[in-house]
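Need the 3D shape of this:
(one chain, ligands or ions: 4)
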Amino acid sequence: MASNGNGEFSFASGNGTVATAANGNGTARNGLAKIQTQKKDNGVCHDDSTPPVKAQTIDELHSLQKKKSAPTTPIKGTQGGAFAVTLSEEERHKQQLQSISASLASLTRETGPKVVRGDPAKQSDTPKVSSHVSHHHYFTPTISVSDSALKFTHVLYNLSPAELYEQAIKYEKGSFVTSTGALATLSGAKTGRSPRDKRVVKDDTTEDDLWWGRGSPNIEMDEHTFMVNRERAVDYLNSLDKVFVNDQFLNWDPENRIKVRVVSARAYHSLFMHNMCIRPTPEELENFGTPDFTIYNAGQFPCNRYTHYMTSSTSIDLNLARSEMVILGTMYAGEMKKGLFSVMHYLMPKRQILSLHSGCNMGKDGDVALFFGLSGTGKTTLSTDHNRYLIGDDEHCWTENGVSNIEGGCYAKCIDLSREKEPDIWNAIKFGAVLENIVFDEHTREVDYSDKSVTENTRAAYPIEYIPNAKIPCVGPHPTNVILLACDAFGVLPPVSKLNLAQTMYHFISGYTALVAGTEDGIKEPTATFSACFGAAFIMLHPTKYAAMLAEKMQKHGATGWLVNTGWSGGSYGSGKRIKLPYTRKIIDAIHSGSLLNAKYKKTEVFGLEIPTEVEGVPSEILDPVNTWSDKNAYNETLMKLAGLFKRNFETFTNYKIGKDNKLTEEILAAGPNF
Ligand SMILES: Nc1ncnc2c1ncn2[C@@H]1O[C@H](COP(=O)(O)OP(=O)(O)OP(=O)(O)O)[C@@H](O)[C@H]1O
Ligand SMILES: O=C([O-])CC(=O)C(=O)O
Ligand SMILES: [Ca+2]
Ligand SMILES: [Mn+2]
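Ligands and ions are numbered 1, 2, ... in the order given. Okay, here's the model as predicted:
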């Protein structure tokens, strides 16, 4: 059977000689190639056992190596006939280029940039120019054309991981292949997000819709300043020889899928988003059309500090009216991931859908668990569970029909990663995975996960299907358990407590943890943090809006709330120790199996938490933290200190009503520490 080059297959007729001639490999069908030594005219003896290649030049030879990707199925409605298909495909490519050119267009000059598909390093790429013509619908007077309008910007569109590896290794310093095949990269000066540089355009709509002021992550900027930064980013990107464009999706719920376009300057960014967003099929890509949201990542280039509102050389700017985000002055790829999450925190609640900073997995019997928690508390670690299906590790939606993952990949912390404790994550770090800011052996390229030389916030981004028991499509039924993770650096919260609805809401709104070093720029060691909805950095509306939705959904579907401390035991950070991961896993197992629901409980002082007296596989004495502290006075003092911090933090929420009646609000206010 041989391919005729038109994607059709035919059986060779006749004998092996014909086939041999046709495929040019000189190998007889039923045996080894004949060895022939011939005397040629020039008298030199040739060993012709290897048949000649079908190439006249080295370049031609190299061109044989790469097969053109198989043509994708033409879109529905295309009239039959090879000619019609070719034409419409060309038309689609033209439209695609025009769309990209429009994305990249300066808003002050008359024409968009000339974009051409393909790698500028490859001469053979014929420039198929598309210049986005005039937003003003008249032709540019040639006189006003600037140099920047004369050059081409090459577009590397939805490259494959292999192509992106090559781009990264060739052009981006600090890119290496590790011993397991992952791409090691450096994110530059920023190795974590920069929440103080995240701005949102305040206009007539967002002024009323969004949460502004104290505690809010939304730092305001005006439309004009956004446009200044947008122009800066677009000019920077257009000044380059090439940009990467990713057209991808968010949200596995088909009814609420969002089309995103990411324009970036680094292969690292393109591969990161390839992994983290939902990857379109070739057909979906052909029909992608206009994106719902666009990111301009010009992270290599700073913002201009003389620009109004700018307080550093970093600015991450969100404009909801334009459905655009601009990134200047940080190459940390997590800004794109979490920037899009912010957008979902705006778009989804408008559709009565709850967006959640949570991991999510499902048991064999279809029981779904959500894992809320701030950065580093264990969402990824604990939702990746060999005995359960992974729906997602970080961002989800809860609709009338159940849950859906927003993303197509996972983003795991790798500090001190070990094969024994986290085998699935370990094995996912292979070809295609992006490894940020890790340190490796110069020769063997083996990663030293304990090395914090670059940062403590080392990360791996990999497609979700790299986890063997991922649930694809990443959707599931309504949750049975809602697990709130807190990494308590004070060491006074119990390893597990069962919560009633009011307590669940109280702790959800409080969003307590001890921020683990490094994820947010500038934080170097654990400190107590309160972050509403376990993700104040990403929410757009007032926390009580999300809380009310969560309460309603938990009530309606009978979900049980749990508070799990994945942090310290036997003393605070510095003297105590972090609770062993295998113990936390046993606790989580007992929640999933339902056995913990029916355990014996006692109530703690101050926080009024219901704690079990026994959990299978966990030493009973650690279940009440007081037992693990040798200095009981120190324990009581620390407990009171933390309770005070909770109380003070909650003061900002006491004037808000949650849900339809006052009853729940009052219960929530009473569900905090009592002293
Ligand atoms: N008892 C424990 N429970 C959970 N995680 C633990 C525990 N002890 C140590 N760890 C470590 O804590 C880290 C938890 O990080 P993880 O990636 O799960 O955070 P995350 O909640 O997903 O954060 P982010 O939102 O930033 O991705 C891992 O490195 C894990 O190995
Ligand atoms: O955003 C990041 O850099 C990592 C993350 O998931 C979080 O902080 O919640
Ligand atoms: Ca995570
Ligand atoms: Mn996260």
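
how about the nearest residue to the spatially most central residue of the chain, chain neighbours excluded?
For the chain, the residue nearest the mean C-alpha position is Met276 (3.6 Å; CA atoms, centre = their mean). Spatial nearest neighbour of Met276, excluding adjacent residues (CB to CB, 6 or more residues apart in numbering): Gly409 at 4.2 Å. Where C-beta positions appear, they are placed from N, C-alpha and C, glycine not excepted.

distance of that neighbour from Val492?
Using CB to CB, to the nearest Å, Gly409 is found at 35 Å from Val492.

how does this structure divide into domains?
Here the domain parsing of the chain from automatic domain parsing is 81-137+149-157+188-344, 158-182+416-455, 352-408+469-675.

end-to-end on the longest one?
Between the opening and closing residues of domain 352-408+469-675 there is a gap of 37 Å (CA to CA, to the nearest Å).

Could you report the neighbour count for the residue lying closest to Ser175 once chain neighbours are set aside?
Using CB to CB, 6+ apart and skipping residues adjacent in sequence, the residue nearest Ser175 is Ala168, 3.9 Å away. Using other CB atoms under 10 Å, Ala168 has 24 other residues around it.

helix/strand/coil for Ala168?
Following DSSP: H, G, I helix; E, B strand; the rest coil, Ala168 is assigned to helix.

what does Cys303 give?
Applying three-state DSSP: Cys303 is coil.

Please report how far it lies from Gly571.
Distance from Cys303 to Gly571, by CB to CB: 44 Å.

of the two, who's got more company?
The neighbour count for Cys303 versus Gly571, taken as other CB under 10 Å, is higher for Cys303 (27 against 20).

need the contact list for the more buried one.
When contacts are counted by CB atoms under 8 Å, 6 or more residues apart in numbering, Cys303 touches 229, 232, 310, 313-315, 328-329.

ok, now Glu616?
586, 589-590, 595.

Of those, select the buried ones using a ChimeraX command.
Buried residues within the contacts of Glu616, by 16 or more other CB atoms under 10 Å, are selected in ChimeraX with:
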select :586,589,590
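
what would the contacts of Glu616 look like in JSON lines with secondary structure?
Output for the contacts of Glu616, formatted as JSON lines (three-state DSSP):
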{"residue": "Lys586", "secondary structure": "helix"}
{"residue": "Asp589", "secondary structure": "helix"}
{"residue": "Ala590", "secondary structure": "helix"}
{"residue": "Ser595", "secondary structure": "coil"}
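
Can I get the contacts of Glu616 in JSON lines including distance to ligand 3?
Conversion of the contacts of Glu616 to JSON lines gives the following (distance: CB to the ion, whole Å):
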{"residue": "Lys586", "distance to ligand 3": "21"}
{"residue": "Asp589", "distance to ligand 3": "20"}
{"residue": "Ala590", "distance to ligand 3": "23"}
{"residue": "Ser595", "distance to ligand 3": "27"}
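
Of the contacts of Glu616, which are in range of ligand 2?
Restricting the contacts of Glu616 to those touching ligand 2 (CB under 6 Å from any ligand atom) yields no residues.

For the contacts of Glu616, which two are the farthest from each other?
Within the contacts of Glu616, Lys586 and Ser595 form the most distant pair, 10.7 Å apart (CB to CB).

ok, whatever residue of the stretch 251-400 of the chain ends up closest to ligand 3 - contacts?
Among the residues of the stretch 251-400 of the chain, Thr380 lies nearest to ligand 3; the distance is 3.4 Å by CB to the ion. Each residue near Thr380 by CB under 8 Å, 6+ apart is listed here: 359, 393-394, 410-413, 425.

Mind doing that once more with 7 Å?
Counting by CB atoms under 7 Å, 6 or more residues apart in numbering, Thr380 touches 359, 393-394, 410-413.

now those residues in a markdown table, with secondary structure?
Formatted as a markdown table, the contacts of Thr380 follow (three-state DSSP):
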| residue | secondary structure |
| --- | --- |
| Gly359 | strand |
| Asp393 | coil |
| Asp394 | coil |
| Cys410 | strand |
| Tyr411 | strand |
| Ala412 | strand |
| Lys413 | strand |
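
ranking the domains of the chain by mean pLDDT, which is last?
Of all those, the minimum mean pLDDT falls on domain 81-137+149-157+188-344 (a mean of 90).
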